[in-house]
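# return a 3D structure for these sequence lines:
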Amino acid sequence: MTTDPQTTDPRLTNLDGFRVEIDAERARADVILARPPMNVIAMPQRDEIRKVFEALDEDARVRVIVLRAEGEHFSSGGYIKGFLEASPEHVSKLAWNIAAPARCSKPVIAANRGYTFGVGFEISLACDFRIVSETCRYALPEQKLGQIPGSGGSARLQKIVGITRTKDIVMRSKRIPGRQALDWGIATECVPDAELEAAVDALVEELRAFSPIAQRTAKKLLNDTEDASLSIAIELEGHCYSRLRQADDFREGVEAFHEKRAPRFTGS
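Residues are numbered from 1 along each chain as shown. Model (predicted):
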């Protein structure tokens, strides 16, 4: 992947422990954890990650965002000593910062291999898709430090797998292999380690083919109705469906279907 030389937003440069690459031709941005050997995520880095996702959300060149890491491990988690040094005000913002992928209106894919612990697991849970290698090991090991997850990990996990399995993971600091994560519905797809990049590339290309406005609408609707009653969720779905009927992309999609050609979506 090549880095777009026009990446001038200051939020995307001079980053601590990670970097951003933008491939404008493929409408793809990669947020790459790069603090070898375990890609530990430091306290200041969490603020920067939030700002990066906000910048990429505003970047017209980007349609899909991939969160990945260098090396054989996604991340062993946070910088432990930093928890003792951080102010209470800073710590109170941890969950907000790590939820940045969920708030981003664009599709976000996490590519997980090796250790994906603590905040590394939590930020992956905030992504829309989790493509995992068979080497992936998910864990929330905070109990070993006399703590609990503090960046949304237990809350998001409970929504996905239920209270029984969440207690098994959180209260026992249990490691979940990639294949088991797929079986439990945590992972979207599990592939051999050598095929991880290809699987992520294929998903990026698949998502790029859809209407950007339809993708944004679907993501926001699903996120916003996660805690809603069935009747409210159906009502909101109807409103979103009605609004999309007025979009240029919907007309293009219908016309392309009848003309038996690929649609040319513009995002309007």
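# for residue 132, helix, strand, or coil?
Following DSSP: H, G, I helix; E, B strand; the rest coil, residue 132 is assigned to strand.
# strands of the stretch 151-268 of the chain, start to end?
Taking DSSP state E, counting those that start in this stretch as the test, the strands found in the stretch 151-268 of the chain are 176-177, 189-191.
# using a markdown table, please lay out the ones you listed together with mean neighbour count and distance to residue 62.
In this view, the C-beta of every residue, glycine as well, is placed from N, C-alpha and C. A markdown table is the format used below for the strands of the stretch 151-268 of the chain (neighbours: other C-beta atoms under 10 Å; distance: least, C-beta to C-beta, whole Å):
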| stretch | mean neighbour count | distance to residue 62 |
| --- | --- | --- |
| strand 176-177 | 20 | 31 |
| strand 189-191 | 19 | 22 |
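# format those as a markdown table; extra columns: mean pLDDT.
Listed next are the strands of the stretch 151-268 of the chain as a markdown table, based on pLDDT from 0 to 100:
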| stretch | mean pLDDT |
| --- | --- |
| strand 176-177 | 98 |
| strand 189-191 | 98 |
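# any chance of those strands in CSV, plus distance to residue 217?
Below are the strands of the stretch 151-268 of the chain laid out as CSV (distance: least, C-beta to C-beta, whole Å):
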stretch, distance to residue 217
strand 176-177, 32
strand 189-191, 24
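# wait, which of those strands is closest to residue 53?
strand 189-191 (22.3 Å; C-beta to C-beta).
# other SSEs contacting that closest one?
Helices and strands touching strand 189-191, as assessed by 3 or more C-beta pairs under 8 Å, 6 or more residues apart in numbering; DSSP states H and E, comprise strand 129-133, helix 178-183, helix 196-208.
# what comes up buried for the last one?
So that's helix 196-208. Within helix 196-208, the residues that count as buried by 16 or more other C-beta atoms under 10 Å are 196-197, 199-200, 203-204, 207-208.
# now it: average pLDDT?
Model confidence over helix 196-208 averages 98 on the pLDDT scale.
# report all helices and strands that it contacts.
Here helix 196-208 is seen to pack against strand 64-69, strand 108-112, strand 129-133, strand 189-191 when contacts are counted using 3+ C-beta pairs under 8 Å, 6+ apart.
# any chance of a markdown table for those strands, columns distance to residue 244?
As requested, the helices and strands packed on helix 196-208 are exported to a markdown table (distance: least, C-beta to C-beta, whole Å):
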| stretch | distance to residue 244 |
| --- | --- |
| strand 64-69 | 20 |
| strand 108-112 | 21 |
| strand 129-133 | 22 |
| strand 189-191 | 27 |
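# circling back to that earlier point, need the helices and strands packed on strand 189-191 in TSV (columns: distance to residue 43).
Compiled in TSV, these are given as follows (distance: least, C-beta to C-beta, whole Å):
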stretch	distance to residue 43
strand 129-133	24
helix 178-183	27
helix 196-208	28
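# nearest to residue 168 among those would be which one?
Relative to residue 168, the nearest member of the helices and strands packed on strand 189-191 by C-beta to C-beta is helix 178-183, separated by 11.1 Å.
# and the closest one, which residues are buried?
178, 181-182.
# same check, this time on stretch 261-268
263, 265.
# how far is whichever helix in the chain runs longest from where the chain is centred?
Taking residue count as the measure and DSSP state H as the definition, the longest helix of the chain comes out as helix 153-170. When C-alpha coordinates are averaged (C-alpha atoms, centre = their mean, to the nearest Å), helix 153-170 and its chain have centres 18 Å apart.
# can you list the neighbours in contact with that helix?
Taking contacts as C-beta atoms under 8 Å, 6 or more residues apart in numbering, the residues outside helix 153-170 that touch it are 118-119, 121-122, 125-126, 138-140, 142-143, 148-149, 174, 176, 184-186, 226.
# now stretch 39-59: average pLDDT?
The pLDDT scores in stretch 39-59 average 94.
# quick one: distance of that stretch to the chain centre.
12 Å.
# can you check stretch 76-92 too?
A distance of 22 Å separates the centroid of the chain from that of stretch 76-92, by C-alpha atoms, centre = their mean.
# quick one: end-to-end length of that stretch, please.
Between the opening and closing residues of stretch 76-92 lies a distance of 21 Å (C-alpha to C-alpha, to the nearest Å).
# contacting residues around it?
Outside stretch 76-92, the residues touching it (C-beta under 8 Å, 6+ apart) are 38-43, 115, 117-121, 141, 145, 147, 150.
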